[in-house]
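Chemist: quick one, structure for this:
(one chain, ligands or ions: 1)
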Amino acid sequence: MAIRNIRLEKDEILKKKSREIEVIDDKIQTLIDDMIETMYKYNGVGLAAVQVGVLKRVEDGEGVRVLINPKITSTKGEQEVDEGCLSFPNQYARVIRPKEVTVEALDRSGKKIVIKAKDLLAQAICHELDHLEGITFVDQMIPGTLEIVENQKN
Ligand code: NI
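Modeler: Have a look, this model is predicted:
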């Protein structure tokens, strides 16, 4: 396992769309292990593969849920929340996210899973799935709500 470098805001790769994973091979398993280690190292709530420079649809979130080729199949309600991103250190903004989402994906063994999430997990899933489309939270923020926090421990 290895800690991978997190791509930061100026990196154009963050605006690119990730590709679907066709085969969950050893390379993908290593990527997943590295992403989990990297996410913990930087105290993230979630991480998308693009953030470590790989345009593949892998996302891992709270409680270490690994989602491969995730798709949101339904959403319910709305929540206005504070959000940040490991690719945007020390920056936070208000974002409107669904209150609940249902997402279909494959787990790391290739089994189809359906997750019904709400509150923070729904927010995290939406945030990470946006990354797979090349969208970051600053594209989604409520205008005028961006805050820069100095001396944040990372
Ligand atoms: Ni992010």
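Chemist: was I right about I24 contacting R108?
Modeler: Yes. I24 lies in contact with R108 (Cβ atoms under 8 Å); the separation is 6.6 Å. (Each C-beta comes from the backbone N, C-alpha and C, glycine too.)
Chemist: and for these two, which residues touch both?
Modeler: Shared contacts of I24 and R108, defined by Cβ atoms under 8 Å, 6 or more residues apart in numbering, are found at I68.
Chemist: so which bits of the host helix or strand of I36 are buried?
Modeler: In this structure, I36 sits in helix 26-41 according to DSSP states H and E. Along helix 26-41, these residues count as buried under the neighbour rule (16 or more other Cβ atoms under 10 Å): I28, L31, I32, D34, M35, T38, M39.
Chemist: the residue nearest the centre of the chain: what secondary structure?
Modeler: Nearest residue to the geometric centre of the chain (Cα atoms, centre = their mean): E128, 2.3 Å. Of the three states, E128 takes helix under DSSP: H, G, I helix; E, B strand; the rest coil.
Chemist: relative to P143, how far out is it?
Modeler: 23 Å (Cβ to Cβ, to the nearest Å).
Chemist: equivalent analysis for V149, please.
Modeler: In terms of Cβ to Cβ, V149 sits 19 Å off from P143.
Chemist: the more surrounded of these two?
Modeler: V149 (10 against 7; other Cβ atoms under 10 Å).
Chemist: these two touch, right, the more buried one and F88?
Modeler: No. Judged on Cβ under 8 Å, V149 makes no contact with F88 at a distance of 11.0 Å.
Chemist: which residues in the protein form strands?
Modeler: 47-48, 58-61, 65-76, 79-85, 88-97, 100-106, 112-118, 147-148 (DSSP state E).
Chemist: where in this protein is pLDDT low?
Modeler: 55, 58-63, 151-154 (pLDDT under 70).
Chemist: contacting residues for V23?
Modeler: No contacts exist for V23 under Cβ under 8 Å, 6+ apart.
Chemist: should've said K41
Modeler: I3.
Chemist: how about M1?
Modeler: So, once contact is read as Cβ under 8 Å, 6+ apart, M1 ends up touching T30, D33, D34, E37.
Chemist: and what of D119?
Modeler: D119 neighbours (Cβ under 8 Å, 6+ apart): Q79, K99.
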